[in-house]
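Participant: structural data only, the sequence is not supplied:
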């Protein structure tokens with residue numbers, strides 16, 4: 001009967017590939033018609049809109065994750081990577097601030113635009129140097145990384161107990177604040193910000209050609225080439241448990257009226273959703289899985305609304321990520337929006353139709369848990385209207401800030417939290433977990449302490465989640481299979 005994996009996202013595909021390399025009969029059950037889960041992109045009117053990956057941790061051969069990406073086929077020797085510099089620009093004209101991967105260039109630039117922030121800029125660049133040695137681990141941090149943490153303990157302790165806005169508020173220059181605030185989400189600890197900046201400065205955090213959809217396509221092909229099977233458009237409704245032998249054991253899943261037997265079940269779908277919906281009795285203290293209660297209480301979801309635009313103009317001269325203050329702030333879901341940023345795919349081949357360079361694909365991301373707002377819109381029938389209203393506000397703000405874009409938006413697409421919930425089974429449409437200031441990394445088990453033959457993997461098992469955690473836990477759980 002072998003192994004059944006629920007979810008063909010990064011964790012499920014990674015675990016499935018390593019299970020097949022061990023010779024384990026493996027089948028993946030996927031609710032969507034394509035692989036990838038939250039690591040996804042889609043086409044509208046000839047434009048490709050990236051909806052998952054903004055950079056790939058582990059793209060550098062120096063990192064522990066790199067081998068996993070190679071083993072799973074996510075990348076290969078022929079994969080082309082983009083590493084444009086600067087990777088984000090905030091503001092405009094002579095007041096614009098750019099964040100460069102090269103630390104010395106970054107320091108020189110920031111001092112040039114804001115000499116009044118000299119001491120903070122110096123501290124920032126010193127800390128980034130320490131964090132270039134601390135890449136996302138698979139099986140613990142290497143000795144050099146631990147030594148760098150020791151050297152930077154004063155900063156490390158302060159960064160871990162303060163949020164990104166608290167960290168950036170110390171800078172006098174508003175463009176520096178805007179740039180740094182848009183590297184990671186505002187709810188994250190400042191430690192997460194330095195991890196990310198260190199990732200970029202180390203030569204990691206590149207963007208593979210083709211983005212999310214091509215990466216997961218390669219992984220799915222790798223899995224099936226090893227003899228694994230994927231059943232698409234097949235929703236796992238319940239994990240089947242047997243208590244007759246005096247202990248509780250997982251023996252398969254139910255999908256509609258079909259019972260699919262297995263020797264072991266691996267859940268890689270959104271864990272917050274799974275612990276409530278995949279079991280006859282939700283997992284928790286009463287079932288012997290107290291960790292599930294901790295996950296429910298501690299989880300602070302990263303939720304975003306993505307407004308993607310296909311523009312009939314070339315924007316390859318702009319950075320990959322642009323942040324800007326609005327000339328006329330607007331309200332969205334009860335919150336005043338005073339700044340926006342967009343990811344720019346204008347220089348990536350295949351993201352826009354027609355003559356290369358003549359059109360551009362961009363995606364604007366607005367952070368904030370607006371699941372309840374959009375749920376209300378669905379209930380009262382205003383969902384489509386409110387999506388169009390938001391798109392109109394964003395387009396107006398873009399045109400005001402970048403006159404070269406005026407009148408060029410020919411394709412628009414709004415992906416709400418409900419979109420990700422519907423297509424990916426993601427709890428509240430959330431694609432990561434906020435690593436809050438003052439709290440350590442949340443870690444949850446790869447194997448149920450109360451149910452035999454039941455395993456877990458996925459981005460919810462370690463904060464902050466994302467692709468690195470999904471891949472690492474997929475690899476780690478496969479090590480438990482016999």
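Facilitator: Happy to help now that I have it. All values reported here derive from a predicted model rather than from experimental measurement. Numbering: from 1, shown residues only.
Participant: alpha carbons only for contacts and neighbour counts from here, please
Facilitator: Fine.
Participant: from residue 180, how far off is the residue nearest to residue 114 when sequence neighbours are not counted?
Facilitator: Of all residues not flanking residue 114 in the chain, residue 173 sits nearest, at 6.3 Å (C-alpha to C-alpha, 6 or more residues apart in numbering). Computed as C-alpha to C-alpha, to the nearest Å, the residue 173 to residue 180 distance reads 11 Å.
Participant: also residue 419?
Facilitator: Distance from residue 419 to residue 180, counting by C-alpha to C-alpha: 28 Å.
Participant: looking at those two now, which is surrounded by more residues?
Facilitator: Higher neighbour count among residue 419 and residue 180: residue 180, with 26 against 17, using other C-alpha atoms under 10 Å.
Participant: is the more buried one in a helix, a strand, or coil?
Facilitator: Classification of residue 180 by DSSP: H, G, I helix; E, B strand; the rest coil places it in helix.
Participant: test my guess that it contacts residue 167.
Facilitator: No. The pair residue 180 and residue 167 fails to qualify as a contact (C-alpha atoms under 8 Å) at a distance of 9.1 Å.
Participant: what's the least confident helix or strand in this structure, going by average pLDDT?
Facilitator: Ranking every helix and strand in the chain by mean pLDDT, DSSP states H and E puts helix 143-151 at the bottom, with a mean of 53.
Participant: now the element after that one, going C-ward?
Facilitator: Per DSSP states H and E, the first helix or strand lying C-terminal to helix 143-151 is helix 153-160.
Participant: for that following helix, give the mean pLDDT please.
Facilitator: Helix 153-160 shows a mean pLDDT of 78.
Participant: list of residues touching that helix?
Facilitator: 127, 149, 167, 189, 190, 191, 437, 438, 439 (C-alpha atoms under 8 Å, 6 or more residues apart in numbering).
Participant: for residue 271, what are its contacts?
Facilitator: 458, 460, 461.
Participant: same question, residue 75
Facilitator: 69, 208, 215, 218.
Participant: sec struct for it, please.
Facilitator: coil.
Participant: please report how far it lies from residue 334.
Facilitator: Distance of residue 75 to residue 334, computed by C-alpha to C-alpha: 42 Å.
Participant: check residue 304 too.
Facilitator: Distance from residue 304 to residue 334, by C-alpha to C-alpha: 15 Å.
Participant: more crowded one of the two?
Facilitator: Using other C-alpha under 10 Å, the more surrounded residue of residue 304 and residue 334 is residue 304, with 22 against 9.
Participant: the more buried one and residue 420 touch, don't they?
Facilitator: No. The criterion here is C-alpha under 8 Å, and residue 304 misses it with residue 420 at 9.9 Å.
Participant: what is in contact with these two at once?
Facilitator: Common neighbours of residue 304 and residue 420 (criterion: C-alpha under 8 Å, 6+ apart): 429, 430.
Participant: give me every residue that touches residue 453.
Facilitator: The contact partners of residue 453, taken as C-alpha under 8 Å, 6+ apart, are 249, 250, 251, 263, 264, 265, 447.
Participant: where does the third one land in three-state SS?
Facilitator: This means residue 251. strand.
Participant: surely residue 99 touches residue 179?
Facilitator: Yes. With contacts defined as C-alpha under 8 Å, residue 99 counts as touching residue 179 at a distance of 7.3 Å.
Participant: overlap in contacts of these two?
Facilitator: Common contacts of residue 99 and residue 179, defined by C-alpha under 8 Å, 6+ apart, comprise 88, 89.
Participant: so what's residue 457 up against?
Facilitator: Contact analysis of residue 457 by C-alpha under 8 Å, 6+ apart lists 11, 12, 266, 267, 268, 446, 470, 473, 474, 477.
Participant: out of the residues you listed, who's nearest residue 57?
Facilitator: residue 470 (11.5 Å; C-alpha to C-alpha).
Participant: for the closest one, phi and psi?
Facilitator: Main-chain dihedrals, residue 470, degrees, to the nearest 10: phi -60, psi -50.
Participant: what about residue 79, how many neighbours?
Facilitator: Residue 79 has 12 nearby residues by other C-alpha under 10 Å.
Participant: quick check: it vs residue 224, distance?
Facilitator: From residue 79 to residue 224 the distance is 20 Å (C-alpha to C-alpha).
Participant: low-confidence ranges, this protein, go.
Facilitator: Within the chain, the stretches with pLDDT under 70 are 135-154.
Participant: just checking, what packs against the top strand by length along it?
Facilitator: In the chain, taking DSSP state E as the definition, the longest strand is strand 321-332. Contacts defined by 3 or more C-alpha pairs under 8 Å, 6 or more residues apart in numbering; DSSP states H and E place strand 321-332 against strand 88-90, helix 174-181, strand 335-344, helix 383-401.
Participant: pretty sure residue 124 is in a strand, no?
Facilitator: No. Residue 124 is assigned helix when assessed by three-state DSSP, not a strand.
Participant: thinking again about what came up before, compare the contacts of residue 453 and tell me which is most surrounded.
Facilitator: The most crowded member of the contacts of residue 453, judged by other C-alpha under 10 Å, is residue 265 (26 neighbours).
Participant: hmm, who's touching the helix or strand harbouring that residue?
Facilitator: For residue 265, the host element (DSSP H and E) is strand 264-267. For strand 264-267, the external contacting residues (C-alpha under 8 Å, 6+ apart) are 2-7, 239, 250-253, 274, 453-457.
Participant: partner strands of it, parallel or antiparallel?
Facilitator: Sheet partners assigned to strand 264-267 using DSSP bridges are listed as strand 3-6 (parallel), strand 454-456 (parallel).
Participant: domains of the chain?
Facilitator: Taking automatic domain parsing as the domain assignment, the ranges for the chain are 3-78+209-299+440-478, 87-202, 304-428.
Participant: between the two ends of the last one, how far is it?
Facilitator: In other words, domain 304-428. Domain 304-428 has an end-to-end distance of 10 Å (C-alpha to C-alpha).
Participant: again with the second one
Facilitator: One end of domain 87-202 to the other measures 13 Å (C-alpha to C-alpha).
Participant: could you do the longest one as well?
Facilitator: End-to-end distance of domain 3-78+209-299+440-478 (C-alpha to C-alpha): 11 Å.
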